[in-house]
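S.K.: could you work out the structure for the sequence below:
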Amino acid sequence: MSVNNVKNTNKQDLIFSSGAALGGGVLAAYGGASSEQLFQNRWPSDTFIKSVKDKVVETLDEKTVEKINSFGNYINRVKKAKSMDDLVLVDIKFKLKNSPSMTFDNLKQEIIEEEFKKAGEYALLGQDATVGKIVDLCCDVRDSRNIYELQEVLVPYREMQFKDLSIEQLKNKKIAEVAETLGFEYESFESYSAEAIKKSYNFEKGKFIFDNKKITKELFDIVNNSAKNIKNKAAGLYGFLGAVIVGGGTYLITKLVPQKNTKK
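M.R.: Now for the predicted structure:
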């Protein structure tokens, strides 16, 4: 008798544990759907950023998208640069690519005009030696036959011009200057989208709150709708997993419950 009681108890315990596991599984499933990780350490997840970025791109015209992507590529190349040679070549190629109407001769003329303005400023300060170097530079720029000859001419002059800056400081300076010229505040669509998300979400209250002092309503709606879509997709996945767990658990319980004796 005691043996039977032990057996029954063991079965009941196992059924109860199975049920507890089921309950935990279902709760975890729906809990996972409602708390889908849109953020990781208060920073938007890659999935969230990509969702917002894709929707932002859809609202822009083709030329603007191309311009921003071009700037993003420029930043990546600048960050990978290891020397002044690299930085000068990146600048030359970016200027030629970013302005399709600009020819190599146009670029040389632009550089000459910029340097002559500086020469005028140095002349007013009485720095004749510097003026002479700039004049020599402009002559060499004018005589350059391709981008690599132009690079060779510019590198020693830029090294002298920025001798007090480290390579990393110079990289940041170049990115900031190009961003200002193009009128950009962010490095890429990703950084722009991440900032939009952070301006839309209130961590203290744990929800998305619109604040017209931080973000436009149109951009806020893009962020908010992206979050909802991600949560809805997660809910579908977790719901499916929950159903699988429930189905498997029900089968397990059926097998574990003692069958009644059907003999008459």
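
S.K.: residue contacts, the spatially most central residue of the chain?
M.R.: Nearest to the geometric centre of the chain sits E190, at 3.1 Å (CA atoms, centre = their mean). Counting by CB atoms under 8 Å, 6 or more residues apart in numbering, E190 touches 49-50, 53. Any C-beta I mention is one placed from the backbone N, CA and C, and that applies to glycine too.

S.K.: and with 7 Å instead?
M.R.: Contacts for E190 (CB atoms under 7 Å, 6 or more residues apart in numbering) come out as 49, 53.

S.K.: tell me where the stretch 1-150 of the chain has strands.
M.R.: 39-40, 43-44 (DSSP state E, counting those that start in this stretch).

S.K.: now stretch 61-79: buried residues?
M.R.: By 16 or more other CB atoms under 10 Å, the buried positions in stretch 61-79 come out as 67-68, 71-75, 77-78.

S.K.: what's the burial count for E180?
M.R.: 10 (other CB atoms under 10 Å).

S.K.: could you do the one 5 residues further on as well?
M.R.: The number of residues packed near E185 is 9, by other CB under 10 Å.

S.K.: so it: helix, strand or coil?
M.R.: Here E185 is recorded as coil under DSSP: H, G, I helix; E, B strand; the rest coil.

S.K.: from S191, how far off is it?
M.R.: Per CB to CB, to the nearest Å, E185 is found 9 Å from S191.

S.K.: repeat for M102
M.R.: Distance from M102 to S191, counting by CB to CB: 27 Å.

S.K.: sorry, back to before: so what does the residue nearest to the centre of the chain have for phi and psi?
M.R.: phi -60, psi -50 (degrees, to the nearest 10).

S.K.: so what pLDDT did it get?
M.R.: Listed pLDDT for E190 reads 86.

S.K.: and N224, by the same measure?
M.R.: Model confidence at N224, given as pLDDT, is 91.

S.K.: for the stretch 51-200 of the chain, which segments are assigned as helices?
M.R.: Here the stretch 51-200 of the chain has its helices, by DSSP state H, counting those that start in this stretch, at 62-80, 84-98, 104-124, 128-143, 147-161, 167-182, 189-200.

S.K.: please identify the most buried of those.
M.R.: Among the helices of the stretch 51-200 of the chain, helix 189-200 has the highest mean neighbour count (mean count of other CB atoms under 10 Å), at a mean of 20.
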